[in-house]
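Peer 1: the sequence and its predicted three-dimensional model are supplied below.
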Amino acid sequence: MSARRERVGIVGTRLQHPEFWGVVAAYINELDRNAIIVTGDCETGIDFIVRTIAIDRGRSLVVFYAKGRWNSIGYSAGPERNTLVAEYVDRLIAFPCGKSSGTRDVIRKAKKLDKCVDVRELEKG
């Protein structure tokens, strides 16, 4: 019987900066090859970087979507997605930058669930 694969959430700011790519890539490189990478569906920032790198490197990837739910449930689509991510992952790596309200919401939720949370504050510029 094989061990369950670790599910590692990598989430963060919607902001974009070229330096963010190297930071995220370094974390993905450190993960076990069997780890399942979990992120959100934002079209910019950390979610986009994580998806791009994971796909490029042939890594297992799970994406939780909020975008398709905005029309049906409104603003609560983001916090609902954040709850699903926090519940699903074994540990969370978060890259907030400034306010990053959605990222900080996932951090709070994961900590409340006693998940291992690694917060790496980013600075743009």
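Peer 2: Perfect, thanks for sending it. Numbering: from 1, shown residues only.
Peer 1: after the lowest-mean-pLDDT helix or strand in the chain comes which helix or strand?
Peer 2: The weakest-scoring helix or strand in the chain, judged by mean pLDDT, DSSP states H and E, is helix 70-73 (a mean of 62). Later in the chain than helix 70-73, the nearest helix or strand by DSSP states H and E is helix 77-88.
Peer 1: so where do the strands sit in the protein?
Peer 2: Applying DSSP state E to the chain gives strands spanning 7-12, 36-40, 60-64, 91-95, 116-119.
Peer 1: other SSEs contacting the third one?
Peer 2: By that I understand strand 60-64. Using 3 or more C-beta pairs under 8 Å, 6 or more residues apart in numbering; DSSP states H and E as the contact test, the elements touching strand 60-64 are strand 36-40, helix 45-56, helix 77-88. Where C-beta positions appear, they are placed from N, C-alpha and C, glycine not excepted.
Peer 1: buried ones in it?
Peer 2: Across strand 60-64, burial judged by 16 or more other C-beta atoms under 10 Å covers F64.
Peer 1: what does it rub up against?
Peer 2: 5, 7, 34-41, 51, 54-55, 81, 84-85, 88 (C-beta atoms under 8 Å, 6 or more residues apart in numbering).
Peer 1: mean pLDDT and distance to D105 for the strands of the chain - can I get that in CSV?
Peer 2: Shown next, in CSV, are the strands of the chain (pLDDT from 0 to 100; distance: least, C-beta to C-beta, whole Å):
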stretch, mean pLDDT, distance to D105
strand 7-12, 98, 10
strand 36-40, 96, 11
strand 60-64, 96, 13
strand 91-95, 97, 10
strand 116-119, 97, 12
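Peer 1: now distance to Y27 too, for the ones you listed, in CSV please.
Peer 2: What follows is the strands of the chain, written out as CSV (distance: least, C-beta to C-beta, whole Å):
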stretch, distance to Y27
strand 7-12, 7
strand 36-40, 10
strand 60-64, 14
strand 91-95, 6
strand 116-119, 9
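Peer 1: any low-confidence regions in the chain?
Peer 2: Applying pLDDT under 70 to the chain flags the ranges 1-2, 67-75, 125.
Peer 1: just to revisit the earlier point, wait, which of the strands of the chain is closest to G22?
Peer 2: Taking C-beta to C-beta, strand 91-95 is the member of the strands of the chain nearest to G22, at 12.0 Å.
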